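A.B. asks: From the sequence below, what's the structure:
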Amino acid sequence: QLSGKWFLVGMASHCSYLAEHSHQLEATTVTMTVLDGQSLAISTFRKLDRMCWEIRQHYLPTQAPGHFLLKGEGDCSKVNVVVGETDPSSFVILYYQKGRSISVKLYGRTSKVSDAVVDKFEQRVRAVGLSEDVTYYFPTYG
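C.D. replies: Residues are numbered from 1 along each chain as shown. Next up, the predicted model:
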């Protein structure tokens, strides 16, 4: 159900890079592909320094449905990914947890989502202790 093209609509995170460079956010698209019926291959396209970059990630399934693991270099770089809420035809809210740090991302099938979906996203953001001060919305152009 998550397969296909998505647009990164919003993100909430205490990421210092986002805080310092939020004025430079570019439209970002993601293609999700379900591999072997369980794991997710995610290809992210974004512009950086006037060049298009593709970032490929492989989310491995865990025992719990809707939970994935993104492995990095070494044990301390594991990221737990949880599907928080989704309507596969319009949006998905994903949680990313690395150690004690958590981020929430909102993806839409189109670059604009309804106000009701934005409200759900903002409720989820507040529920994990993040605020509008660390919530960023991505442009719909680019």
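A.B. asks: The residue nearest the centre of the chain: what's it in contact with?
C.D. replies: For the chain, the residue nearest the mean C-alpha position is Lys105 (3.8 Å; CA atoms, centre = their mean). When contacts are counted by CB atoms under 8 Å, 6 or more residues apart in numbering, Lys105 touches Leu8, Gly10, Met11, Ala12, Ile93, Leu94, Tyr96. Every residue, glycine included, has its C-beta placed from N, CA and C.
A.B. asks: For the last one, give me phi and psi.
C.D. replies: Geometry field for Tyr96 lists phi and psi as phi -120, psi 120, criterion degrees, to the nearest 10.
A.B. asks: sorry, back to before: how about the contacts of Lys105 in a markdown table, adding distance to Val118 and pLDDT?
C.D. replies: A markdown table is the format used below for these (distance: CB to CB, whole Å; pLDDT from 0 to 100):
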| residue | distance to Val118 | pLDDT |
| --- | --- | --- |
| Leu8 | 14 | 93 |
| Gly10 | 7 | 95 |
| Met11 | 13 | 95 |
| Ala12 | 12 | 96 |
| Ile93 | 11 | 97 |
| Leu94 | 15 | 96 |
| Tyr96 | 19 | 94 |
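A.B. asks: Dump these into TSV; add neighbour count, distance to Glu85 and secondary structure as well.
C.D. replies: What follows is the contacts of Lys105, written out as TSV (neighbours: other CB atoms under 10 Å; distance: CB to CB, whole Å; DSSP: H, G, I helix; E, B strand; the rest coil):
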residue	neighbour count	distance to Glu85	secondary structure
Leu8	21	16	strand
Gly10	20	14	strand
Met11	25	15	strand
Ala12	26	14	strand
Ile93	21	5	strand
Leu94	23	9	strand
Tyr96	17	15	strand
